[in-house]
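Chemist: I would like to see how this sequence folds:
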Amino acid sequence: WHLAPARARAHEAAGAGVKELTAATFADEVASGDVFFMGYAPWCGHCKRLAPLWSQYAARAKRDGVKVAKVDGDANADVAARFGVRGFPTMFHVRAGGAEVRRYEGTRSVDAFAAFANGGYKDTAPLSFTKNPMSAVGRAFGAVTYLGFQLKQAQEYFVHEQGIPLLFVAIGGFVALLVVSLVVALLLVACLSLFDASPRTAPA
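Modeler: Predicted coordinates for the structure are as follows:
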């Protein structure tokens, strides 16, 4: 029984260089520098097999000045929705401030991760403004996607656990989605109007 604490300490040490980000801390972390992160889920077998390698890379990246992180896609479904994560693990490289976001689809090795983060990312086109999860449009799309996920979860709860007729639940969900979509649309219009509000020089 003495082995359990030792294994726990070894596991903690192995992942010490990998920052665990959440929806609350993600923006601040990106604002302070480039972030190379992995979206994962606790139940994902592929994620568990990749974790030791990701930790090894994190130790190397620390010497290179690269921030390596991970995000629990189940616990932070809104972040996963913004980045369009469809499966785990999925890796993204985000430049400081979020101006450029790239999805990593290369070889899963320490050397390949390092080469990508240390400048190799320039060979991969960043996501467009409309698909950039850090842009206003990307955030709005992610919010709508996340809302849809939450509504589906709520529907299953009310129908299967509370016994409320599906028709009533569907009507309530539709109204809620319509209201939120209207709010998001208004926010998008406001954001776009800011881009058009640049000062114009009056003709001489």
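Chemist: Let me see the contact set for the most centrally placed residue in the chain.
Modeler: The centre of the chain sits closest to Val79, judged by C-alpha atoms, centre = their mean, with a distance of 3.7 Å. With contact set as C-beta atoms under 8 Å, 6 or more residues apart in numbering, Val79 has these partners: 21-23, 26, 39, 71, 73, 142. All C-beta spots, glycine's among them, are computed from the backbone N, C-alpha and C.
Chemist: what do you get if the cut-off is 7 Å, keeping everything else the same?
Modeler: Contact partners of Val79, counting by C-beta atoms under 7 Å, 6 or more residues apart in numbering, are 23, 26, 71.
Chemist: Show me where the chain has its helices.
Modeler: With helices called from DSSP state H, the chain shows them at 3-14, 26-31, 45-64, 77-82, 110-117, 136-156, 166-195.
Chemist: mean pLDDT for these: which is lowest?
Modeler: Taking each of the helices of the chain in turn, the one with the lowest mean pLDDT is helix 3-14, at a mean of 39.
Chemist: pLDDT at the nearest residue to Val137 once chain neighbours are set aside, what is it?
Modeler: Once flanking residues are discounted, Val137 sits nearest to Thr130: 5.0 Å by C-beta to C-beta, 6 or more residues apart in numbering. At Thr130 the predicted local confidence, pLDDT, stands at 79.
Chemist: swap in the one 3 residues further on?
Modeler: Looking at Pro133, its pLDDT stands at 85.
Chemist: Equivalent analysis for Arg103, please.
Modeler: Looking at Arg103, its pLDDT reads 96.
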